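Colleague: coords please:
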Amino acid sequence: MATSFLSLKKSSSSGALAAMEGDGFEYALGPPDSGFSIFLAERTKKIHFIRHAEGYHNVATKETGSNDCLLRGDEPASAHHLYDSRLTAKGIAQAESLKAYLATRPSGSRSFTAFDLVVVSPLTRTCETALHVFGEPRRPGLPAFLDQVDAPANTPEFAAGVKIAPPRFLVREECRERWGHYVCDGRSELCMWRCYLHSYFFSLCSSHMFSHHCRVN
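Modeller: Numbers count the residues shown, from 1 in each chain. All right, here's what the predicted structure looks like:
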């Protein structure tokens, strides 16, 4: 038996289309050119993979035409000026541009895309990218209902005074490259990041494993 979803009424609670009236189950249509899913929007998880924005090591390899500029040479890796490379001004702008895009990208019953959890590597460029894309994370150990922020500006939710919980940031050592020869893949001491990004959850990262002294800009 064929089922037509086009004649279903919208839920009065969230605005999403009600798959079956009165049972609390809902699904939502995606962009017109992507088709749609009959999976229940509120009971599924979406995983987004985001590459870090432009770092100084990306600029160096582009200017020199090779990765040789990322080799340590005779000096300690941590003494190299591209060790654990940070984002460039262009990289920060790229991350902020993505943040602006997500604030206008509908997802589920919202007019924007929200996230529950951000899993990131402990490299400087990835932590910086996460911060500029997602903003300040939820404080470790604090439940969502006690850490609420405004919905993205210029959205109907913001105009209605809707509050949302920022995502938790989970830093995992397994997410970074560790077996290459390039200095950009070494990471700084976690003490620097714990002071700078106190809301990141670092407890699953070793304070000593694969760590080096912070480079000085």
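
Colleague: Quick one: end-to-end distance for stretch 177-189.
Modeller: 16 Å (Cα to Cα, to the nearest Å).

Colleague: Buried residues, that stretch. List them.
Modeller: 182-188 (16 or more other Cβ atoms under 10 Å). Heads up, the C-betas are built off the backbone N, CA and C, glycines and all.

Colleague: now the helices for this protein?
Modeller: Using DSSP state H, the helices of the chain run over residues 56-64, 89-102, 124-134, 156-159, 190-196.

Colleague: Tell me which entries of the buried residues of stretch 177-189 lie within strands.
Modeller: Among these, the members falling in strands (DSSP state E) are 187-188.

Colleague: And the strands in the chain?
Modeller: With DSSP E, the ranges of strands along the chain come out as 17-18, 26-27, 117-120, 149-150, 163-164, 168-171, 187-188, 211-212.

Colleague: tell me the contacts of the closest residue to Ala103 other than its chain neighbours?
Modeller: Among residues not flanking Ala103 along the chain, Pro152 sits closest, at 3.7 Å (Cβ to Cβ, 6 or more residues apart in numbering). Contacts for Pro152 (Cβ atoms under 8 Å, 6 or more residues apart in numbering) come out as 103-104, 112, 158.

Colleague: Same check on Arg72?
Modeller: Neighbours of Arg72 in contact, by Cβ under 8 Å, 6+ apart: 80, 181, 183.

Colleague: Find me the pLDDT at Phe25, would you?
Modeller: Looking at Phe25, its pLDDT stands at 42.

Colleague: ugh, wrong one, I meant Glu63
Modeller: 96.

Colleague: coming back round to it: now distance to Leu131 and pLDDT too, for the contacts of Arg72, in TSV please.
Modeller: Putting those into TSV (distance: Cβ to Cβ, whole Å; pLDDT from 0 to 100) gives the following:
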residue	distance to Leu131	pLDDT
His80	24	92
His181	28	85
Val183	23	92
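
Colleague: rewinding a little: ok, which of the strands of the chain comes nearest Pro137?
Modeller: strand 168-171 (3.9 Å; Cβ to Cβ).

Colleague: Does anything pack onto that closest one? Which helices or strands?
Modeller: strand 117-120, helix 124-134 (3 or more Cβ pairs under 8 Å, 6 or more residues apart in numbering; DSSP states H and E).
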